[in-house]
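[1] Here is my input, please return the structure:
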Amino acid sequence: MSAIQAITIREHEERSEPKPHIVYKISIQARARSWVMWRRYSEFVDLNTELTKSTGSEPPAQLPPKHSFAILRSRHDSKLLEERQVGLESYLRAIVGAKDEKWRETIAFRDFLGVPVERQGGNPRTEFSSTSWLDEHIDLQSRIRDVRALINKRDALSDRGDLGESHKSNVDAKKLLANILTRIGNLGGGLEDSHRSGLTEGEIQRRTDMVAKLQDDCEKLGKMVTVARMPSRMAGGSVTKNQAPERDREALLGSSASKPIKRVFGTPTPSKPQETDATRPLDDTGVFSLQNTQIEQQDQQLSQLSSILLRQRHLGEAIGAELALHNELLDDLNENVDRVNAKLSTAKRQLNRLG
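    Predicted coordinates for the structure are as follows:
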């Protein structure tokens, strides 16, 4: 609920079904999306009753009075309708802006405003309107640009040799990209309700292509954040690698003077190889045979290691598939809980009317 930045009631209209009544247009503005809910005055009354019962105290503002003896006059009196409109807006704003969260965190209030229901793990199940869907797409494009900026920052820091900050930028890019992928999934799921929102087939196809473009951009960025660039820079057409200071190298490896080079690849050995107990009694053929035997043993050990790694990979894939199945089951459970909560809210409102 803290994501709601503004809530206004600026319009109302008369509807004839099931019988003549007035509905008020509630405009809700959040950080990345906005939506509209139409509610009649009797629904405000039911909400106020439910909030009082569920929290044990009345909301921080009162509803505008009901003109019970002038129903027909109030429905056609623009002055009375505007006064009620202002009063209803003040009522909602008082709940949203109250220091105590107990009223606005109730299921009844969230259902009244059509606030997206959060699933476990913080992933919201969002129902988009036509306008809020486009707002979400624009915000995701901005987040993708932020990921690219973090990758560029990572590479610049790596070229300067600041590996700690470079790694931090790469981690931030990965976290932001994971959040973007989750939101893109919600955006794609929002297209499933587009048929009911009045969008044409052509517009739905256009938005599907927009989602596919976002996914393609994220796939490219995913490859970039997975493989970080080595800390090197081009200077005069040659690659100059960042090396540790000479003092640190000497402290770790010792100076070249204290440890003379014994052998350099590509140059003759300064002395003959030393005999061992295994090679001393053997001639050239025996040494060659011993070498082949040792190579075969190494190959067998590598084959065993490869089998172990392959088995570990299969175990990891099986665990991943099991986790994916559990996540689907949890999603289904959350959806069932949401439906039951909605039905309970409807039943409570009906009981309040009977009471």
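
[2] Mind naming the longest helix for the protein?
    helix 284-354 (DSSP state H).

[3] what mean pLDDT would you report for it?
    Per-residue pLDDT over helix 284-354 has a mean of 84.

[4] for stretch 4-21, same thing?
    For stretch 4-21, mean pLDDT is 85.

[5] do stretch 138-146 as well
    90.

[6] which residues are contacting that stretch?
    Defining contact as C-beta atoms under 8 Å, 6 or more residues apart in numbering, one finds that stretch 138-146 is touched by 32, 176, 179-180, 183-184, 187, 214, 217-218, 221. Glycine gets a C-beta too; all of them are placed from N, C-alpha and C.

[7] Pull out the buried residues from it.
    Going by neighbour count (16 or more other C-beta atoms under 10 Å), the buried part of stretch 138-146 is 139-140, 143-144.

[8] Which single one of those is nearest to Arg349?
    Closest to Arg349 out of the buried residues of stretch 138-146 is Asp139 (34.2 Å), distances taken as C-beta to C-beta.

[9] pLDDT below threshold where in the stretch 1-150 of the chain?
    Filtered on pLDDT under 70, the stretch 1-150 of the chain yields the residue ranges 1-3, 32, 67-76, 116-130.

[10] that older thread, quick check: which of the contacts of stretch 138-146 has the minimum pLDDT.
    Minimum pLDDT across those falls on Ala32, with 66.

[11] And Asp216, which helix or strand is it part of?
    Here Asp216 is covered by helix 201-226, with elements defined by DSSP states H and E.

[12] elements contacting that helix?
    helix 130-159, helix 163-190 (3 or more C-beta pairs under 8 Å, 6 or more residues apart in numbering; DSSP states H and E).

[13] what's the angle between the first one and helix 163-190?
    Here helix 130-159 runs at 160 degrees with respect to helix 163-190, directions being taken by axes from the mean of the first three to the mean of the last three C-alpha atoms, to 10 degrees.

[14] quick check: angle from helix 130-159 to helix 201-226?
    20 degrees.

[15] picking up where we left off before, distance from the chain centre to the longest helix of the chain, please.
    Centroid separation between helix 284-354 and its chain, computed with C-alpha atoms, centre = their mean, to the nearest Å, is 21 Å.

[16] got it, and stretch 91-106?
    On the basis of C-alpha atoms, centre = their mean, stretch 91-106 sits 27 Å off its chain's mean C-alpha point.

[17] ok, now stretch 339-355?
    33 Å.

[18] ditto for stretch 21-38
    From the chain centre to the centre of stretch 21-38 is a distance of 25 Å (C-alpha atoms, centre = their mean).
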